[in-house]
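Undergrad: have a look; sequence and predicted model below, questions after that.
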Amino acid sequence: MVTAYTNATSLVCYNPRMINSKGMWLSTNPLNYSTPLLLLQLSLVTIMSRFSHFCLKPLGQSRIVSNVVGGLLFGPSALGRGKVVASTLFPKRNNIVIETISTFGLMFFLFAIGVKMDSTMMVRPSKRAIAIGFSVFIFTLALPTSISFILKRYLTMSESLSNSLPFIAGSQSLTPFPVIAMLLTELKILNTELGRLAISSAMFCDVIGMALTAVAFSILENRDGSVITVLFSILSSVALLMGIVYIMRPALLWLLNRSSDGKYLNELHLFAIFISVLVSGFVSEVIGQHYVLGPLILGLAMPDGPPLGAGIVSKLETIATGLLYPAFLVVSGLKTDIFAIRFEALWIVGGIVLSACLVKMVAVMLPALYIDMPVQEAFVLGLVLNVKGINEIIVYNLWRDAQIMQDQEFAMSVMSVLAASAVVAPLVKILYDPSKQYICIKRRTIQHTKRNELRVLVCIHNQDNVPTIVNLLEISNATVESPVAVVVMILVELVGRTSPILVAHKPQRALEPSSSRSGHILNAIRRYEHQNEGKVTLESYTAVSHFETMHDDICQVARDKRATIVIVPFHKQWAIDGSIGSEKRAVRMMNLNVLNKAPCSVGILIDRGTLSGSLSVLNNRSLYRVVVLFIGGSDDVESLAYGARMVEHERVNLTVIRFLQFGGDNTRERKLDSNLIDEYRLVNAGNERFMYREAVVRDGVGLAALVRGIQDSYDLMIVGRHHAESPLLVGLDQWSECTELGVIGDMLASKDFGRTASVLVVQQQRVGGTLLSRKVQLMGNDRDPLVHDVPNDPEALNGYDAAWSVSVSRY
């Protein structure tokens, strides 16, 4: 049996029995059958999409551009001009099959995108987002459309271009939030202030755009009918929206809560969700809308994040984004023929697109500058909102199928999407560096706080680290004269949503029962605050973001709260038997970014409290043993300053061990370190809980042996990340696994090196991204004391010699 389908230009016949191939061994070509041909097409599409991204990524291009290029390569604009590709790999008889598959892929792709979006940003946007979004949509719709009508009147052009020009101009007002979110994620600026404003502005703009697009689609689909027909089509679209929000969404949530207490997704939930996507797409087609409208609205109506949003995205994203979404772009590429474009039409459409981009830039920058955004950031925001992608291609496909566009206009429209996206990503990378906003020229270090308030930003990812963190805060010695301001940031990995959030918790005096992880963490920190009432203040945040961009939230809060030091968790967690229980590489990359960009000092906490079983300092009356390992350099000075503050606590015993090379020269750097240490010793003269030792070793082997011998004698070991150049460190760096810890810190973090002592690796603030030299730090008044508690009267320093405890070791 032979079946045929027609369109305006071609008649294609196919045999419905030629579905499955009998194999090449029977002298039949498998590519003449639908199933093997479809499998080969999907394989080629996925490979080409990945290959395009591999080639274009070094040029600063985003995955949006790579996917569009991958689709164009198989069309008549490139490989499709050859007979082998056009007639063998992508014959017209099989286009209907791959187009149907791409339809399902597009539905589930946009559904997954909708699930990841925070729909509250659409219905409750900020005033800034409303101002920018409204300005962008109104001006970008009105001015380019007006220009298109003027060009139609005064220029000679083909009938097809004349009919489609106002539609092309109007489409420039679209600001596709899924595409913008994907771009910002790739550029790693999604959770910056600019990224959040771009997403919220685009979502508000898309609320207006989606509404007008639905109305316009109803009119186009029923342009041969009466006004009543159009009205019913619009009302049915509103009914679809209401049905999804007030019927389908509550039904799915009820099913989730009833069968699993809302904690996880099972097979029944996924079945119900997938059926709901298909039904919403079917209803959209029945009422005269595009099939993607229902799934997109359903996705936006679903709660983002775990358990529902995270579960849906984990099941859908790989196959929908990696396989079926590129298939839709290939179908669009098969319709795109750049050789059908005539020069006189190209400059007309190019002029419209370019003028629309300029209008959108101005429409973004004016309200952005009004709200005191820097000019460069306002310009970058305008660039971001000019990006184009899948949304525009969907619209252009609709208009082509509705005969509003012909091949020429469709090709120019698709190429405008490619050109805009290709220009935006590299420009944003060049013009916008979010780390510059964290650069601080003021000293925010423990060494330079003097007797002012110590401001500590503590980042917590695993609640098992809370006891050690509470101990660290307690021994930081909060007093009325020198209080401690604690800012707690709970780190939550972004799963099942696109938009990162930074939640500020309301201050609470009383401990509240809670079953959530964040509730347990905050209750433990609040208990520490209550024990030190009047000496400790507490603020708390929850950052939900990808770990690769989490450092932006950390650095932003550290800057805004004027933190003295940021404490971040080590990426390895120890099991009770001393082995590595878990390892999270993403946390390691976050720590490296924080070290490079933080506006203050940074400490990486390696928590072995689980192994030692040490009690809380708040409850335990025994001494908490702390040791500072000092080799030399600014980071070791910061470690010493922190240890000197800790020893003022009545239950802290501090030992400072300075490592010296046997027979080493008495260099200027060594003299500076000696003067600094002498001042700290003078401050603590008479304090029996402060002990100073000098360990003279011959080389790195002796240093490692000494450290190994003392590792289990303390509860906390503090060491600088970087040290002054020393022969003692030669060769040790060759064995380092974690560069973020430095040579000694990496040695202490090794699973074969220690079992009980927790380790704090400290890096002093880098001003302007670089470490100031010791000479620069000591410029000014050389007579000023380096330690804030050193008496200025030289006579007051007499009589302290007997309080020093010095021991010398040789290895």
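TA: Arrived safely, thanks for sending. Numbers count the residues shown, from 1 in each chain.

Undergrad: need phi/psi at Gly82.
TA: Main-chain torsions, Gly82, degrees, to the nearest 10: phi -80, psi 150.

Undergrad: who's in contact with it?
TA: By CB atoms under 8 Å, 6 or more residues apart in numbering, no residues touch Gly82. Where C-beta positions appear, they are placed from N, C-alpha and C, glycine not excepted.

Undergrad: show me where the stretch 651-800 of the chain has its strands.
TA: Under the criterion DSSP state E, counting those that start in this stretch, the stretch 651-800 of the chain contains strands at 652-661, 690-697, 716-720, 758-763.

Undergrad: tell me which of those strands lies nearest to Asp337.
TA: Proximity to Asp337 (CB to CB) singles out strand 758-763 among the strands of the stretch 651-800 of the chain, at 57.5 Å.

Undergrad: could you dump the closest one to PDB, C-alpha only?
TA: Taking C-alpha atoms only, strand 758-763 is exported to PDB below (Å, rounded to 0.1, in the frame of the first residue of the first chain):
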ATOM      1  CA  SER A 758      40.700  18.700  62.700                       C
ATOM      2  CA  VAL A 759      42.700  21.100  60.500                       C
ATOM      3  CA  LEU A 760      42.000  24.700  59.500                       C
ATOM      4  CA  VAL A 761      44.000  25.900  56.500                       C
ATOM      5  CA  VAL A 762      44.100  29.700  56.400                       C
ATOM      6  CA  GLN A 763      44.700  32.100  53.600                       C
END
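
Undergrad: distance check, the spatially closest residue to Val761 that is not a sequence neighbour against Arg721.
TA: Leaving aside its sequence neighbours, Val761 sits nearest to Gly745 (CB to CB, 6 or more residues apart in numbering; 3.8 Å). Gly745 sits 6 Å away from Arg721, going by CB to CB, to the nearest Å.

Undergrad: before we move on, what about Asn477?
TA: 23 Å.

Undergrad: same check, this time on Pro727
TA: Pro727 is 19 Å from Arg721, by CB to CB.

Undergrad: and what of Ile101?
TA: Following CB to CB, the distance that separates Ile101 from Arg721 is 53 Å.

Undergrad: these two - which one has more neighbours?
TA: Remark: of Ile101 and Arg721, Arg721 carries more neighbours, 26 against 18, as counted by other CB atoms under 10 Å.

Undergrad: could I get the contacting residues of the more buried one?
TA: Arg721 is in contact with Leu595, Ile604, Asp635, Glu740, Leu741, Gly742, Gly745, Val761, Val762, Gln763, counting by CB under 8 Å, 6+ apart.

Undergrad: nearest to Tyr642 among the residues you listed?
TA: Val762 (6.5 Å).

Undergrad: what are the contacting residues of stretch 394-407?
TA: With contacts defined as CB under 8 Å, 6+ apart, stretch 394-407 is touched by 8, 106, 160, 163-164, 167, 171, 174, 213, 217, 220-221, 290, 292, 332, 335, 337, 340, 410, 413-414, 417.

Undergrad: would you convert the contacts of Arg721 into a markdown table that also reports pLDDT and neighbour count?
TA: Converted to a markdown table, those look like this (pLDDT from 0 to 100; neighbours: other CB atoms under 10 Å):
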| residue | pLDDT | neighbour count |
| --- | --- | --- |
| Leu595 | 90 | 20 |
| Ile604 | 92 | 27 |
| Asp635 | 89 | 24 |
| Glu740 | 87 | 24 |
| Leu741 | 87 | 24 |
| Gly742 | 85 | 26 |
| Gly745 | 85 | 28 |
| Val761 | 92 | 28 |
| Val762 | 92 | 29 |
| Gln763 | 92 | 28 |
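
Undergrad: of those residues, which belong to helices?
TA: Mapping the contacts of Arg721 onto helices (DSSP state H) picks out Leu595, Asp635, Gly742, Gly745.

Undergrad: coming back round to it: out of the contacts of stretch 394-407, which are buried?
TA: Buried by 16 or more other CB atoms under 10 Å: 106, 160, 163-164, 167, 171, 174, 213, 217, 221, 290, 292, 332, 335, 337, 340, 410, 413-414, 417, out of the contacts of stretch 394-407.

Undergrad: just the ones of those residues in strands?
TA: Among those, DSSP state E puts none in strands.

Undergrad: so which of those are in helices?
TA: Among these, DSSP H puts 106, 160, 163-164, 167, 171, 213, 217, 221, 332, 410, 413-414, 417 in helices.

Undergrad: out of the residues you listed, the closest to Val380 would be?
TA: Closest to Val380 out of those is Val417 (20.2 Å), distances taken as CB to CB.
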